[in-house]
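Participant: what follows is a predicted protein model with its sequence.
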Amino acid sequence: MAQQQGMDSALFERRLRPVYDNLEVGNNRKALQESEKLLRKHPNLLCARALKGLSLLRLGRYDESHGCLQTVAEEKPTDDSTLQVLSFCYREMEQLDKIVELYQHAVKQNPGNEELLAHLFISHVRVEDYKAQQAVALQLYKAQPKNAYYFWESVDRESALPEKRKIYLGLAQRMVDKHIKEGKMETEQEAFLFLHILKLQNKYQEAWEFLTGELCAKLYPGAPVSMKFELLKELGNWRELNELLQQLLDADRDRWDFYKEYIQSSFELLKLTPQGVENGDKDSLARCQEFLQRIIDSSERQRRGPYLARLELHQRMRAEQLPAEKLIGDFDEMVIEYFRLFGDKSCCTHDIALFLPSISMNQRQALASKLLLESGVTSTSLPKNKEQLQKHLCALQISRMCGSHMDLPADHLLAFYTALKLHYEHGRSTFGKKLLATEMGPSDAYALLAANVMYDLSRRENKSDHLFEALCLLQYVLRNSTSNFHVKLLSLKIYHLFGCQVGAQEMYEYLDIKQIQLDSMGYVHCQLLPLGGRFSGNRNVYDATLKFFTNSYKERLEYIALTYRFCTFSKMEEFMNFKERLTNSLQYVACSVEAQICDLVSCYGNITQNLSAYVAMSIEPAEDRIAWHELSDNRDLGAIIRWDPLHDVDAAEERRQSFDQEVEVLQIRSLMLRLFASFIDLYHGAGLKDSAAGAETTTLELLRESWTGLFQRLRLMNYKPLAQKFLVNLLPTRLHLLLDMPYERFFDDLAQLVLDLQSGSAKLAEQCKRVGDNVIATMELCVQTINDSNESNGMDGLWKRRGQQQRVAASLEMLSLYAFLLSVLNDKLQVSSKTKTKKKPVENKVDGPQPISEKERSQMLQELMRQLKHKLEACDTAIRSWKAPVLPRDISSFMSDMSLKPEVEATLIGDVSATFKDSHELMVTELRNLLKDKIRMVAK
């Protein structure tokens, strides 16, 4: 230590530089060699030893690295270089509490060191210890009275627990008030923090006075306008808000968010001053209309904002039963004018859709007819340019939103589909040439609309042929427009609908979903993978998703630490909310649980390897780690474009129902995982985990009660399957599958079997019979499902395919977990018989009789294993005979219906058909390999 302190700093830095350089470029082996070389000359150089530990860590030599780092940490270093390297190691190892200990020791040796105290504060930020943050921030301010440290303490008071929040916020306000009186406030972030503290206490008047005062104008001239809106609305100062918005809209005439606030303020003014109209003054709505008209008339180029605002004003007035038509004009004429001006923009459809719910169905359909007429394209003509093509698309999309397509007979829908295909091909060949690889084709929306129409037909007839044809059309579009993610999303949905996991995986990879999209968009694939028939294939997708969540967790903590370091308090709440939403994401929690179940189902090694893999999962049956009431729904359900009839679409209700059902599915899967883990821990818990004697039995019994109680509650809840009226609707969750399959009885009886085996209950033979019957029933269900699939293959092999695959996969999941459990029980009983360790008869007596001997238990277990082996073989035979899905019509029939280019028809439909065949063969191969592993597991 003395040698290290005495070394010249420049020499010290120069000798360590090669190690840093090699670590930076990823040459960890060379970095290890350089650090060892340096340590031979200077064995007490702590920083070199810490760098050696980091090199070992990155080489995967974790035990050596841990020993090396522990030795350095015990020396309680105080130099910044060593502390930084150790901190880096502990961050990579996710041992953030050790960083706190490091800097606590360092601060004890150097109590007034500003740099060490700052690092200690940041280390407390990473572990979210707000009380410790306050204490360190106060120490820092006393050591170095800087504004940053003063406001660090204020922020920590704001972040206090909810029950103490009111007290701490009041104290934080007094602290900042004192700072202002002393003239020490210096930066805009400090001004923002004071405003935030006032708003959290609902002191809006004080916040407004500060925001409009001289100090804030000087320090925070760039205060967002939205802050003024918010305060004026809370204070009810609608007139000032109205005037402010007029000034802002004069400067920026296309701000839709400003227009909405402006119209809202006009209505609030009308409520406040109804007597103004009687005195001959113009009311606020008349002034609002004049203002909007003046903006329209005086604008050099046409902007959407004022036209949309006029439609919004008309809609709001009709809702309040005010004379909208007299003041503004006819609604249909305004919509047609908007369509005439902006119909050549792709956003026009959803702009107009905002106002359709306010008119009757008859009015909507009449308006849709007028828009189709206005587009200038008839049943006998084609668009003459890109602008007219986009207007025609807009009119067709609005027509579908108004429900015009839903009551058409099947032959009319087929004719409409054919027309859409022809329009797509004409648009592609005429206006879609020489597009960049990143551009979408101008006529792609025709094909998307055609796919929706064909789904309507398929659903009406309960047949897959129309939808399969739509899938082929979408694949054709994707060849011409490789960047159209709408086409990829719809193709992914159809592949999943037909149970084709290979096609779905191809589309998912083609979408190239990454980073935060894995949370917001991952649901389109990840939530549909479990029980799809490919356990090992699913694991790779879960790994990629979970890797993002684990890596981003570290990054999120660093972002929050950086907001303190650079005093960017305006971003702190955003980062905190972001961290909470990702940590409690349903997607993250569900993928974690499903990945662990996949691992248990897919175990294929010997008993020692399987138990080692189980221990590595760190499942704690007694501890439910999921914060159920804080689960966050981060799905972006608006990513898949839809033009379905507005009166039949309730996106908010669909989101709520699907989220509730996905949470219930997660409840079942999480509890199943914990219950199964309690089976393993009951026999191997003492050797694998630290646990008190008898605790495993209590945990198992509690989980068993929860298991049966959960299924009883779910049946009483009587959840309805998600509506499948339109192609864009979310596919049904697995909730009803899990309730229909014998999961409840299967694992409940397994729990009793495990308890009886342990105690040697006299009812063990009866329980073995019950479990054996469950196995037979599960096997028969699997075989019957495959036979039904083969029988229906002659008529339509795709329409019910997904449900059939899920039932087979669920059956094999239960049998695979049962096989793993039997192998564990058998191993334990064999070890017990070899060592001849007999359990004490105390507490094992059941109504007097002696427990069954271990030899008899072992014989019963062997019989269960033999029975399971035969049933698994029967499943394997059935799966081997499972036929690939046959298309409802032959390929030549599809080719004649596609009406695309002859040279692409054969290869296109052939490729899609081959995808279904490959998916089936891969699934059968994986399931048979799984069964072979389980047969080998129970054949010992």
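Facilitator: In hand now; what should we look at?
Participant: flag the shaky bits of the stretch 551-700 of the chain, pLDDT-wise.
Facilitator: Applying pLDDT under 70 to the stretch 551-700 of the chain picks out residues 685-694.
Participant: what ranges do the helices span in it?
Facilitator: Using DSSP state H, counting those that start in this stretch, the helices of the stretch 551-700 of the chain run over 572-583, 586-601, 607-616, 651-688, 695-717.
Participant: show me what the fourth one packs onto, helices and strands only.
Facilitator: Going back to what we said before, that points to helix 651-688. Using 3 or more C-beta pairs under 8 Å, 6 or more residues apart in numbering; DSSP states H and E as the contact test, the elements touching helix 651-688 are helix 586-601, helix 607-616, helix 695-717, helix 735-740, helix 743-759, helix 801-835. (Glycine included, C-beta is placed from N, CA and C.)
Participant: run through who's touching stretch 284-302.
Facilitator: Contact with stretch 284-302 is made by 242, 246, 249-250, 253, 262-263, 266-267, 269-270, 273, 282, 306-307, 309-310, 313, 317, 322, 327-328, 341-342, as judged by C-beta atoms under 8 Å, 6 or more residues apart in numbering.
Participant: what's the nearest residue to residue 595 once chain neighbours are set aside in contact with, if anything?
Facilitator: Among residues not flanking residue 595 along the chain, residue 542 sits closest, at 4.0 Å (C-beta to C-beta, 6 or more residues apart in numbering). By C-beta under 8 Å, 6+ apart, the contact list for residue 542 reads 526, 529, 591, 594, 595, 598.
Participant: including neighbour count and distance to residue 25, could those go into JSON lines?
Facilitator: Formatted as JSON lines, the contacts of residue 542 follow (neighbours: other C-beta atoms under 10 Å; distance: C-beta to C-beta, whole Å):
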{"residue": "526", "neighbour count": "22", "distance to residue 25": "35"}
{"residue": "529", "neighbour count": "23", "distance to residue 25": "38"}
{"residue": "591", "neighbour count": "27", "distance to residue 25": "33"}
{"residue": "594", "neighbour count": "25", "distance to residue 25": "37"}
{"residue": "595", "neighbour count": "18", "distance to residue 25": "33"}
{"residue": "598", "neighbour count": "20", "distance to residue 25": "36"}
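Participant: which single one of those is nearest to residue 37?
Facilitator: Relative to residue 37, the closest of the contacts of residue 542 is residue 595; by C-beta to C-beta it sits at 42.2 Å.
Participant: where along the stretch 1-150 of the chain do the helices fall?
Facilitator: Counting by DSSP H, counting those that start in this stretch, the helices of the stretch 1-150 of the chain are 2-6, 9-24, 28-41, 46-58, 62-74, 80-92, 96-109, 114-126, 130-143, 147-158.
Participant: quick revisit: tell me which of the helices and strands packed on helix 651-688 sits nearest to residue 205.
Facilitator: Among the helices and strands packed on helix 651-688, helix 586-601 sits nearest to residue 205 (C-beta to C-beta), with 40.5 Å.
Participant: what's the domain layout of this structure?
Facilitator: 1-160, 514-686+693-740, 766-832+853-939 (the TED database).
Participant: in TSV, list those domains along with distance to residue 178.
Facilitator: As requested, the domains of the chain are exported to TSV (distance: least, C-beta to C-beta, whole Å):
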stretch	distance to residue 178
domain 1-160	10
domain 514-686+693-740	18
domain 766-832+853-939	64
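Participant: residue 434 is nearest to which of those domains?
Facilitator: domain 766-832+853-939 (18.3 Å).
Participant: give me the mean pLDDT for that closest one.
Facilitator: On average, the pLDDT along domain 766-832+853-939 is 86.
Participant: run the chain-centre distance for it.
Facilitator: With C-alpha atoms, centre = their mean, to the nearest Å as the basis, domain 766-832+853-939 stands 29 Å off its chain's centre.
Participant: same question for stretch 464-483.
Facilitator: Taking mean C-alpha positions (C-alpha atoms, centre = their mean), stretch 464-483 and its chain are 27 Å apart.
Participant: model confidence for the closest residue to residue 345 other than its chain neighbours, exactly?
Facilitator: Nearest non-adjacent residue to residue 345, counting by C-beta to C-beta, 6+ apart: residue 390, 7.0 Å away. On pLDDT, residue 390 comes in at 94.
Participant: and what of residue 6?
Facilitator: The model's pLDDT for residue 6 equals 43.
Participant: could you do the one 4 residues further on as well?
Facilitator: Model confidence at residue 10, expressed as pLDDT, equals 65.
Participant: what about the most centrally placed residue in the chain, distance to residue 816?
Facilitator: Residue closest to the average C-alpha location in the chain (C-alpha atoms, centre = their mean): residue 519, at 3.1 Å. Using C-beta to C-beta, to the nearest Å, residue 519 is found at 29 Å from residue 816.
Participant: what sits against residue 454?
Facilitator: Counting by C-beta under 8 Å, 6+ apart, residue 454 has contacts 417, 466, 467, 469, 470.
Participant: for those residues, which one is nearest residue 931?
Facilitator: Using C-beta to C-beta, those come closest to residue 931 at residue 467, 32.0 Å.
Participant: contact partners for that closest one?
Facilitator: Residue 467 touches 451, 454, 455, 458, 494, 497, 498, counting by C-beta under 8 Å, 6+ apart.
Participant: dump the residues you listed into CSV; add pLDDT and secondary structure as well.
Facilitator: Converted to CSV, the contacts of residue 467 look like this (pLDDT from 0 to 100; DSSP: H, G, I helix; E, B strand; the rest coil):
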residue, pLDDT, secondary structure
451, 95, helix
454, 94, helix
455, 94, helix
458, 92, helix
494, 95, helix
497, 94, helix
498, 93, coil
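Participant: any idea what sits nearest residue 544, other than its immediate chain neighbours?
Facilitator: Closest to residue 544 by C-beta to C-beta, 6+ apart is residue 518, at 7.4 Å.
Participant: just the element for that neighbour, please.
Facilitator: helix 517-520 (DSSP states H and E).
Participant: in that helix, what's buried?
Facilitator: For helix 517-520, a neighbour-count test (16 or more other C-beta atoms under 10 Å) marks 518, 519, 520 as buried.
Participant: from the residues you listed, pick the one nearest residue 378.
Facilitator: Closest to residue 378 out of the buried residues of helix 517-520 is residue 520 (41.3 Å), distances taken as C-beta to C-beta.
Participant: and that closest one, what is it in contact with?
Facilitator: Applying C-beta under 8 Å, 6+ apart, we find residue 520 in contact with 634, 635, 636, 639.
Participant: adding neighbour count, write these out as a markdown table.
Facilitator: Putting the contacts of residue 520 into a markdown table (neighbours: other C-beta atoms under 10 Å) gives the following:
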| residue | neighbour count |
| --- | --- |
| 634 | 18 |
| 635 | 22 |
| 636 | 14 |
| 639 | 14 |
